[in-house]
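J.: need a 3D model of the sequence below.
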Amino acid sequence: TAIARAAPPRRRAAAPPRRRAAAPHLMSSQNEHAGKRLRAPFDRFIVDGFNFCRPDVRHYFLTHAHGDHTCGLHATFDIGEIYCSTLTARMLRATLGVKPKLLRTIDVGETVEIEAACVPCGADGAAAGSYKSARVTALDAGHCPGALLFLFEDVATGHRALHTGDCRASEAVVAAAVRALRPAAPASAPAPTPSEPLVDVLYLDTTYADARWSFPPQEEALRLLARVVAEELAREPKTLFVVGSYEIGKEKAIDAVVRASGGRALVPPRRAMSLRLCGWWDDALHTEADAADVAVHVAPMSSAGADAHATMAALLEAQGGRYAAVVSLRPTGWAHVRTRETPRVWAENEGRTRVYGVAYSEHSSFPELQALVGALRPRLLVPTVNAETREARERLQGVFAHLCDVKSDRRRLDWHFGGGASAAASSSAAAGPLA
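T.: Model (predicted):
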């Protein structure tokens, strides 16, 4: 366990990163409701919120290296320390030029103890110049390489919050989170539904928080990708496959397609760099130079958009007869259709250009979200995606209310008549107002 003590914030802090112009009160509202600046007693921490830097916050947490989480972070950032995984730190140095001296690495299973300086008029009334200690533990998020869940625990009160960032809450991820919160549970034990809450606040990735997004586990989706490749090769052996990917993420999908194709993947330079940084590069499967055994092109996820068929037709023509067909594969949870077990093909150009959406996702399906919330039974759930308005936040909280410990929710009648008032006074005082 490492202990980091930050100096009390300077009265004239370094200029925050460039960001869209906004009134201070508006920024504060967006910050809180997106789950960026955490609630007391962790309000000296910001998670995935570099567009919301504040002079009284010196500790920033980055769950993973996707661009929608690093926005606002750049090479001149110097307003505080950044806690992230070792892999994410490598990505930040290589792609954004973030100063190494600001990076504090914490990997799965590790805990760091942080003493954060209090500021005047804090939400919890702490005196300026004093310190509050928090233990922060990193857990596997099951998302892209290097992605973490952050578990925060206030040393003085035991108040706990879990921030999922983006996560794929597989059975293994949920079980690991429960073991971290219940250290006595054996490693082989399933994730039971506890009678008492394991966390006070859960900041939840609600990307797919709707019953229609009951897509299959990743392993099943990867087998489906391989099956589509095999069927297309049986239909036309001279087929080139184009698989969608982000700058980091979808590595398992790329791997499944390449192995099923029997050839190698042509990878753009920047994507090749990230594959090497995160340990996925394999000379037997990947190349940066076109070669006779190339059967797959790695492309941005956007390549399977409205102009996909025109782009694929142009690719066929440019290859001068080397390939007879091009098949574009888009691995995303948004491709899930409840009424179909197999993906539907979108074919044009007399069947020579073909597009499939396959429900491979690195976010949690709706049943997985239910399992995670049910296992942790948080006193308060803060949705972090599709939660821009109060109405949207309350709707998302309502989706999971039956899985939460709602005794401390003053808006519910059972709080007033079921003993919630006295329980809330002792156990949830630090949780703050509802989102």
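J.: quick one: residues contacting the residue nearest to Ser85 when sequence neighbours are not counted.
T.: Distances taken as C-beta to C-beta, 6 or more residues apart in numbering put Gly146 closest to Ser85, at 4.3 Å, once the chain neighbours are dropped. C-betas here are computed from N, CA, C, even on glycine. Applying C-beta atoms under 8 Å, 6 or more residues apart in numbering, one finds that Gly146 lies in contact with 64-65, 84-88, 91, 248, 278.
J.: equivalent analysis for Trp346, please.
T.: So Trp346 contacts 354-356 (C-beta under 8 Å, 6+ apart).
J.: and it, what helix or strand is that in?
T.: Assigned by DSSP states H and E, Trp346 falls within strand 345-348.
J.: and whatever helix or strand comes next after that strand, what's its mean pLDDT?
T.: Downstream of strand 345-348, the first helix or strand assigned by DSSP H and E is strand 353-358. Across strand 353-358, pLDDT averages out at 96.
J.: how far is strand 353-358 from where the chain is centred?
T.: Relative to its chain's centre, strand 353-358 lies at 26 Å (C-alpha atoms, centre = their mean, to the nearest Å).
J.: sheet-wise, list the partners of that strand with their directions.
T.: strand 325-331 (parallel), strand 345-348 (antiparallel) (DSSP bridges).
J.: what's it in contact with?
T.: Residues from elsewhere that reach strand 353-358 (C-beta under 8 Å, 6+ apart): 221, 224-225, 228, 232, 253, 304, 308-309, 312-313, 316, 325-332, 334-335, 343-347.
J.: give me the buried subset of the residues you listed.
T.: 221, 224-225, 228, 232, 253, 304, 308-309, 312, 316, 325-332, 335, 343 (16 or more other C-beta atoms under 10 Å).
J.: I figured Ala253 hits Phe241, correct?
T.: No: using C-beta atoms under 8 Å, Ala253 is not in contact with Phe241; the gap is 11.2 Å.
J.: anything in contact with each of these two?
T.: Leu329.
J.: ok, and what's touching the longest strand seen in the chain?
T.: If you go by DSSP state E, the chain has its longest strand at strand 131-140. Strand 131-140 has contacts (C-beta under 8 Å, 6+ apart) with 1, 5, 41-42, 44-45, 61, 83, 85, 106-118, 126, 147-156, 172-173, 176-177, 180.
J.: now the spatially most central residue of the chain, what's its secondary structure?
T.: Centroid-nearest residue in the chain: Asp166, 1.6 Å away (criterion: C-alpha atoms, centre = their mean). Using DSSP: H, G, I helix; E, B strand; the rest coil, the structure places Asp166 in coil.
J.: got it, and the one 10 residues further on?
T.: For Ala176, the secondary structure call by three-state DSSP comes out as helix.
J.: got a list of contacts for stretch 273-291?
T.: Contacts of stretch 273-291 (C-beta under 8 Å, 6+ apart): 87, 90-91, 94-95, 145-146, 247-248, 251, 254-255, 258-259, 264-269, 272, 294.
J.: sorry, back to before: out of the contacts of Gly146, which end up buried?
T.: 64-65, 84-85, 87-88, 91, 248, 278.
J.: how about the contacts made by Ile106?
T.: 83-85, 112, 136, 138, 148.
J.: which strands and helices sit next to the helix or strand hosting Arg227?
T.: Secondary structure assigned from DSSP H and E places Arg227 in helix 218-235. With contacts defined as 3 or more C-beta pairs under 8 Å, 6 or more residues apart in numbering; DSSP states H and E, helix 218-235 has these neighbours: strand 239-245, helix 251-261, strand 325-331, strand 353-358.
J.: touching it from outside, list them.
T.: With C-beta under 8 Å, 6+ apart, helix 218-235 has contacts from 168, 170, 215-216, 239, 241, 252-253, 256-257, 259-262, 325, 327, 329, 331, 342-343, 354, 356, 358-362.
J.: and it, which residues are buried?
T.: 218, 221-222, 224-226, 228-229, 232-233.
J.: turn these into TSV, columns for distance to Pro197.
T.: Formatted as TSV, those follow (distance: C-beta to C-beta, whole Å):
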residue	distance to Pro197
Gln218	28
Ala221	32
Leu222	34
Leu224	37
Leu225	38
Ala226	41
Val228	43
Val229	45
Glu232	49
Leu233	51
